[in-house]
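Asks: Next come a sequence and a model predicted from it.
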Amino acid sequence: MELQTLERIECPLLLARVGNTPLVPLQSPNQAVQILGKVEWFNPGGSVKDRAARAIFETAIAEGKLTHDKTLIDATSGNTGIAYAMIGAALGYRVELVMPANVSAERKKIARAYGATITLTDPLEGSDGAIIKVRELALDRARYYYADQYNNDANWRAHYETTGKEIWQQTRGRITHLVAGVGTSGTMMGAGRRLKENNPAVQLVEVQPADELQVIEGLKHMPSAIVPGIYDSNLADRQVAIDTDAAYRETHRAAREEGLFVGLSAGAAIAAARQVAREIEQGIIVVILPDGGDRYLSTALWS
Ligand code: PMP
């Protein structure tokens with residue numbers, strides 16, 4: 001979203017700092033292939049989801065759907081919740097989040113620190129359990145604005161307007177592959193569409209957990225999940241399945257060997273990027289690193 005639009009709704013300066021994250025070189029297993037990481041924890045709310053949440057707020061306010069007498073409600077695996085909570089606090093809107101109980105303790109505490117109310121759902125039902133619960137709560141239309149990030153076009157458009165555009169500019173149009181995990185799929189749908197429009201030869205590589213038992217916070221195994229309305233399974237050129245062990249290994253390796261303290265979904269995406277790098281002759285791969293490792297300190301990842 002443009003700074004001008006934000007100023008019109010009198011957004012605090014912090015929100016104008018969403019986006020324009022750095023692109024840093026990662027080690028590559030193939031000398032002829034460069035791997036560049038888009039460091040999304042540089043966003044003020046600490047994750048890629050600041051982009052979508054800001055656009056969702058901005059659109060809902062502009063369309064008159066979100067007013068100060070309503071509470072913004074949504075299902076989230078955590079990062080969107082933190083972003084909503086931060087922006088809600090900054091702009092003076094109440095935020096209520098529905099999350100699976102097994103979301104990392106850090107995520108719940110940070111969202112609560114910003115003043116959000118949290119409803120926890122059965123961890124065994126994963127993010128789908130939270131979606132089912134929020135749909136029930138959101139029936140009270142007088143009380144809630146249901147942000148519905150899984151079906152809200154403002155989600156992927158945010159990445160079309162910012163993430164994809166930035167990657168094109170930062171690589172001076174030389175990107176050959178985009179690698180990103182899919183949760184709501186907003187990042188891949190938006191950035192992917194922008195890059196394909198700029199150069200149809202850019203290959204889009206979508207990362208998913210290998211099966212429904214591989215839990216990688218933030219990512220969805222689409223064949224077994226409630227499929228987001230904004231997800232187009234035909235957009236990506238290929239899908240790479242990553243299991244939890246590989247994601248753990250890459251997350252640990254990135255910290256120890258590259259000085260990059262990333263979250264588990266970033267580890268999964270790096271694993272996929274390195275797999276692609278080994279398979280192609282040459283190229284420039286951009287991999288999205290959605291959040292940083294400190295949001296996972298209480299989880300099995302670092303125990
Ligand atoms: N990784 C993490 C840690 C996330 O929180 C999310 C958002 N659910 C993603 C990846 C996937 O991003 P998107 O929703 O844009 O597909």
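Replies: It's in.
Asks: Quick check, residue 282 in contact with residue 33.
Replies: Yes. Counting by CB atoms under 8 Å, residue 33 is a contact partner of residue 282 at 6.0 Å. Heads up, the C-betas are built off the backbone N, CA and C, glycines and all.
Asks: I figured residue 78 hits residue 218, correct?
Replies: Yes. Residue 78 lies in contact with residue 218 (CB under 8 Å); the separation is 7.5 Å.
Asks: Settle it for me: which of residue 282 and residue 33 has more neighbours?
Replies: Each of residue 282 and residue 33 has its neighbours counted (other CB atoms under 10 Å); residue 33 has more, 21 against 11.
Asks: tell me which element the residue nearest to that one when sequence neighbours are not counted is part of?
Replies: Nearest residue to residue 33 in three dimensions, chain neighbours excluded: residue 277, at 4.2 Å (CB to CB, 6 or more residues apart in numbering). When elements are assigned from DSSP states H and E, residue 277 belongs to helix 264-279.
Asks: buried stuff in that helix?
Replies: Buried residues in helix 264-279, counted by 16 or more other CB atoms under 10 Å: 264-277.
Asks: Likewise for stretch 207-225?
Replies: Along stretch 207-225, these residues count as buried under the neighbour rule (16+ other CB under 10 Å): 207-210, 214-222, 225.
Asks: swap in stretch 91-99?
Replies: Quick answer for stretch 91-99 (16+ other CB under 10 Å): 91, 93, 94, 95, 96, 97, 98, 99.
Asks: List the residues that contact the closest residue to the second one other than its chain neighbours.
Replies: In this case it means residue 93. Using CB to CB, 6+ apart and skipping residues adjacent in sequence, the residue nearest residue 93 is residue 72, 5.7 Å away. With contact taken as CB atoms under 8 Å, 6 or more residues apart in numbering, residue 72 is in contact with 57, 60, 66, 84, 88, 93, 94, 95, 96, 144, 145, 147.
Asks: where does residue 72 fall, helix, sheet strand or coil?
Replies: strand (DSSP: H, G, I helix; E, B strand; the rest coil).
Asks: Secondary structure element for residue 287, which one?
Replies: Residue-wise, residue 287 maps onto strand 283-289 under DSSP H and E.
Asks: any residues touching that strand, and which ones?
Replies: 23, 26, 28, 32-41, 48, 163, 167, 171, 174-181, 187, 191, 260, 262-263, 266, 269-270, 272-273, 276-277.
Asks: Counting only helices, which of those residues make the cut?
Replies: 163, 167, 187, 191, 266, 269, 270, 272, 273, 276, 277 (DSSP state H).
Asks: SS state for the residue in the stretch 51-200 of the chain positioned nearest to the ligand?
Replies: Here the residue of the stretch 51-200 of the chain nearest the ligand is residue 183; by CB to the nearest ligand atom that distance is 2.7 Å. Using three-state DSSP, the structure places residue 183 in coil.
Asks: Contacts only, for the nearest residue to it once chain neighbours are set aside.
Replies: Distances taken as CB to CB, 6+ apart place residue 218 nearest to residue 183, at 4.9 Å, with adjacent residues excluded. Listed by CB under 8 Å, 6+ apart, the contact set of residue 218 reads 77, 78, 79, 181, 183, 263, 264, 265, 290, 291.
Asks: next structured bit after the lowest-mean-pLDDT helix or strand in the chain?
Replies: Ranked by mean pLDDT, DSSP states H and E, the weakest helix or strand in the chain is helix 3-8, scoring a mean of 54. Using DSSP H and E, the helix or strand that follows helix 3-8 in sequence is helix 13-16.
Asks: which parts of the stretch 201-303 of the chain sit against the ligand?
Replies: Residues of the stretch 201-303 of the chain lying close to the ligand (CB under 6 Å from any ligand atom) are 217, 218, 219, 263, 265, 290, 291.
Asks: before we move on, back to that, residues contacting the residue of the stretch 51-200 of the chain closest to the ligand?
Replies: Residue 183 makes contact with 77, 127, 218, 219, 220, 265, according to CB under 8 Å, 6+ apart.
Asks: That one and residue 298, how far apart?
Replies: When distance is defined by CB to CB, to the nearest Å, residue 183 is 20 Å away from residue 298.
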